[in-house]
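>>> Fold the following and give me the result.
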Amino acid sequence: MRNENLSYIVNTHSHFHPFIESMLNGYAVNEIVLDYKHKPVDYRFLEVNTAFETLTGLKKEKVIGKSILDILPRTELDWIELCGDVALNQKDITTEYFSAALNKTFQVRIFSPQKGIFITVFNDITSLKEAHHKLQSQKDSYASLFNNIRVGLIRTSINKGEILQANPACAELFGFEKLDDFMQNSIIELFKDSDDRKAHRAKLLRNGKVNHTILQMKKSNAKSLTVSVSSTLHYENNLPVWIDSTIQDISKQKRSEEKLFQLAHVDALTGLSNRHSFMSRLETSLQKASRYKHKCAVLFLDLDGFKGINDTYGHSAGDLVLTVTAQRIKNLIRKTDLVARMGGDEFTIIIEDFDNIRALNILAKKIIQAVSKNIALQERELSLTTSIGISIYPDDAPDLEGLLKNADDAMYRAKELGKNTLQFFTKDLNIDLVNKMVFENHLKHALDKDELHLFYQPRITSDKHELVGVEASLRWFSDSYGWVSPNDFLPVALQSDIINKIFSWAIKSACIALKKFQSQKEELNLSLSIASKCLETRYFFLELRKALFISKINPEFLHLQVSQEAINNEKSLQQLQEIEGLGVKIIINNFGKGVTCLENFEKLKVVGVKIDKSYIQDLNKQSPSQTLLTLISLAKCFDAKLIADEIESDLQLLILDKLSVHQAQGSHLYAYTNEEQTRSLLSTL
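This next block holds a predicted model:
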């Protein structure tokens, strides 16, 4: 994926190569190089322009593909680390850099269009720095330097902004032919926004000196002027009196930078964000949603019949349709959301922190109505429709790629349903909103109708294949849907308070079953997976304590399986510690998938970890991965037993035994069976 994104950047920049080549500023696209500790130690040139050669003296053919340390071994580590910080954190900064290797000073803007990549746009300001030095050290040549240097130099009064002294270059910069005419003005009048001048003055009064501040000013003809200003405040009798400033016109540079940004992030035809910008924003949106426990939705739109319009009326008609459609969609979404053109006739929308699914449903229907309105083309009326697929984070996918794929799949499902419609992504059941409400209503009555059941699967030792316990798993038999997997009904239950009632029933039933099982196998333990949401309140804890009291089982033989997410949550962690206080043991599910807070891990007396099934499945195809070996070592550090789930072959079991994985289970060994069947099986083991 990373190489594709890198290729995208280089290819994108090739489209506006002539523009870059015409720039007076040096320009380079670079890729940061990291060491084994993921620290920046070098960077590699991907693209440079002709001005780069002129300003640095380095030839393009000697630079492209080479690292900076290969070309200039004396390059300072501080500079590489600064570039690395920008590339890895996608910052945008302007700074001065003195290259000892080139003996030159540059004013550089460094920005990152994508993680790991940074672009430098720079000017050689060596002469400007030398000018400053000469102004301070060679007073005898001050007058000549002041009048002939091509940088604007000006002295103004602190309060009224009167121009006390200025050089011809400064007058020329502001569009005045004569210096005397320029001197008649106040610097305040040349600021485009008076608030900018006040802010600049306030900063000077605080710090005494300001370097390379970007300000918007205006020429004598009122045209805008973007300048870089460095100012020093001077005092007399301990009172601020005047300001000395150097002023550079960077209007062309800023326009060039803005053009580069537009080309890199904006779709040229519609003015919407492009694919690269969308992917970057979606990554940020998902991080924000994860941090604040919000939902985030992606809507994937494809125009029905667009190809026919292109083929019949030509590409100009197609471009008109895309432009009008883009604006119609943009008019319907909030300013905080984003719509992008992914390419062709595909659009995507990011909706952050929405109220509910109904709100998404309403928005999607409004978009369908807006897109279906006719578009005037000369004497014709063009009409088309759109199909929309919707995917929600984190309900439908835990990451960017999965979310986009699911939205795309849902969009194609909408097309299959006849187009000009919307489809929410759903997993195995693939039910629409109405059916989902009906499904949830049936589920709410499942307990009252005694439709929930626990099935059990034996767990054995990996070496001697001896029975050590059973795992309980929820099942639902519905008159309307038949047998329903927990993977299908638990996600629905999690969206309402019914989840607490389901697991309250499950823990009571599990304790009673364990009592019966132990009449046959005294040392048998029973494990049950608990939804993280149940640990957010004390309801489950109280129900668990009640179940233990009623069943009178030894709590150390009851094992609750929880996700790593539960350990990372402080509120859930506190509940787990109280549960351990009852004597109940804790097992971690899907170990190795996601992120675990090891500090919180140590706060629990975890007796076992279930290795995520992805590591087990891979054992049929390859040797144990380094990640699996690391997970095994980590579990041993916490003195937790390793448990392998979903064993599919004798080979897997053999490998896991050699890796010192203690216990195993799976349909290859024993299937899930109801309580009666399980008791019959126990009598034979």
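>>> neighbours of the residue nearest to residue 223 when sequence neighbours are not counted, just the number please.
Counting by CB to CB, 6 or more residues apart in numbering, residue 175 is the residue found nearest to residue 223 once chain neighbours are left out, at 7.5 Å. Heads up, the C-betas are built off the backbone N, CA and C, glycines and all. Residue neighbour count, defined by other CB atoms under 10 Å, stands at 15 for residue 175.
>>> Residue 175: what secondary structure?
Following DSSP: H, G, I helix; E, B strand; the rest coil, the label given to residue 175 is coil.
>>> ditto for residue 487
Assigned with three-state DSSP, residue 487 falls in the helix class.
>>> So what's the gap between stretch 36-43 and the chain middle?
Centroid separation for stretch 36-43 versus its chain: 22 Å, with CA atoms, centre = their mean, to the nearest Å.
>>> do the same with stretch 275-293
The answer for stretch 275-293 is 4 Å, by CA atoms, centre = their mean.
>>> what's the answer for stretch 238-257, then?
With CA atoms, centre = their mean, you get 37 Å for stretch 238-257.
>>> Give the buried residues for it.
240, 242-251, 253-254, 256-257 (16 or more other CB atoms under 10 Å).
>>> circling back to that earlier point, model confidence score at the residue nearest to residue 223, please.
Looking at residue 175, its pLDDT stands at 86.
>>> try residue 462
For residue 462, the pLDDT comes out at 87.
>>> which helices and strands does the strand or helix carrying residue 61 pack with?
Following DSSP states H and E, one finds residue 61 within helix 60-63. Applying 3 or more CB pairs under 8 Å, 6 or more residues apart in numbering; DSSP states H and E, one finds that helix 60-63 makes contact with strand 40-48, helix 50-56.
>>> quick one, what contacts the closest residue to residue 220 other than its chain neighbours?
Spatial nearest neighbour of residue 220, excluding adjacent residues (CB to CB, 6+ apart): residue 175 at 4.0 Å. Contact analysis of residue 175 by CB atoms under 8 Å, 6 or more residues apart in numbering lists 219, 220, 221, 223.
>>> The same query, at a cut-off of 10 Å, please.
Neighbour list for residue 175: 182, 190, 218, 219, 220, 221, 222, 223, 225 [criterion: CB atoms under 10 Å, 6 or more residues apart in numbering].
>>> Just to be sure, which of these are found in strands?
218, 225 (DSSP state E).
>>> Where is pLDDT lowest across the contacts of residue 175?
residue 222 (81).
>>> show me the residues around that residue that make contact.
Residue 222 makes contact with 175, 192 under the criterion CB under 10 Å, 6+ apart.
>>> Can you pull the phi/psi pair for it?
phi 80, psi 0 (degrees, to the nearest 10).
>>> gap between it and residue 192?
9 Å (CB to CB, to the nearest Å).
>>> For the residue most central in space within the chain, which non-adjacent residue is spatially closest?
In the chain, the C-alpha nearest the mean C-alpha coordinate belongs to residue 283, at 2.3 Å (CA atoms, centre = their mean). Nearest residue to residue 283, sequence neighbours excluded (CB to CB, 6+ apart): residue 400, at 5.7 Å.
>>> mean confidence for the helix or strand that contains residue 635?
Using DSSP H and E, residue 635 falls within helix 626-637. Averaged over helix 626-637, pLDDT sits at 81.
>>> Can you list the buried residues in that helix?
628, 631, 632, 634, 635.
>>> Now do the fourth one against residue 587, distance only.
The one in question is residue 634. For residue 634 relative to residue 587 (CB to CB), the value is 15 Å.
>>> before we move on, what about the last one?
As judged by CB to CB, residue 635 and residue 587 stand 11 Å apart.
>>> Mutual contacts of those two, please.
With CB under 10 Å, 6+ apart as the test, residue 635 and residue 587 both reach 606, 608, 609, 641, 643.
>>> out of these, which is most surrounded?
Result: residue 643 is most packed of these (other CB under 10 Å), 29 neighbours.
>>> Ramachandran angles for that one?
Here residue 643 shows phi and psi, under degrees, to the nearest 10, equal to phi -120, psi 130.
>>> got the contact list for it?
Counting by CB under 10 Å, 6+ apart, residue 643 has contacts 459, 462, 468-469, 471, 527, 559, 561, 587-589, 591, 607-611, 635, 656, 661-665.
>>> Going through those, which ones are buried?
Looks like these have 459, 462, 468-469, 471, 527, 559, 561, 587-589, 591, 607-611, 635, 656, 661-665 buried, using 16+ other CB under 10 Å.
>>> Narrow the residues you listed to those in helices?
635, 656 (DSSP state H).
>>> closest to residue 294 out of the helices and strands packed on helix 60-63?
Between residue 294 and those, the tightest spacing by CB to CB is seen for strand 40-48, at 32.7 Å.
>>> other SSEs contacting the closest one?
Packing contacts for strand 40-48, counted by 3 or more CB pairs under 10 Å, 6 or more residues apart in numbering; DSSP states H and E, involve helix 2-15, helix 17-22, strand 26-34, helix 60-63, helix 68-71, helix 77-89, strand 117-124.
>>> most packed of the ones you listed?
strand 117-124 (a mean of 22; mean count of other CB atoms under 10 Å).
>>> strand partners of it, parallel vs antiparallel please.
Using DSSP bridges, strand 117-124 pairs in its sheet with strand 26-34 (antiparallel), strand 104-114 (antiparallel).
>>> quick one, the first one and helix 77-89 angle?
In this structure, strand 26-34 runs at an angle of 80 degrees to helix 77-89, with axes from the mean of the first three to the mean of the last three CA atoms, to 10 degrees as the basis.
>>> got CSV for the helices and strands packed on strand 40-48, with mean pLDDT and distance to residue 230 too?
As requested, these are exported to CSV (pLDDT from 0 to 100; distance: least, CB to CB, whole Å):
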stretch, mean pLDDT, distance to residue 230
helix 2-15, 52, 31
helix 17-22, 78, 28
strand 26-34, 94, 20
helix 60-63, 92, 31
helix 68-71, 94, 28
helix 77-89, 94, 20
strand 117-124, 94, 14
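>>> and residue 571, which of the ones you listed is closest to it?
helix 77-89 (30.7 Å).
>>> Buried residues, the lengthiest helix in the chain. List them.
Scanning the chain for the longest helix, with DSSP H as the assignment, gives helix 498-518. Within helix 498-518, the residues that count as buried by 16+ other CB under 10 Å are 498-515, 517-518.
>>> ok, now stretch 220-235?
Buried, per 16+ other CB under 10 Å, within stretch 220-235: 225, 226, 227, 228, 229, 230, 231, 233.
>>> just so I have it, where are all the helices in the stretch 301-450 of the chain?
With DSSP state H, counting those that start in this stretch as the criterion, the stretch 301-450 of the chain has helices at 306-313, 315-332, 357-371, 400-416, 433-444.
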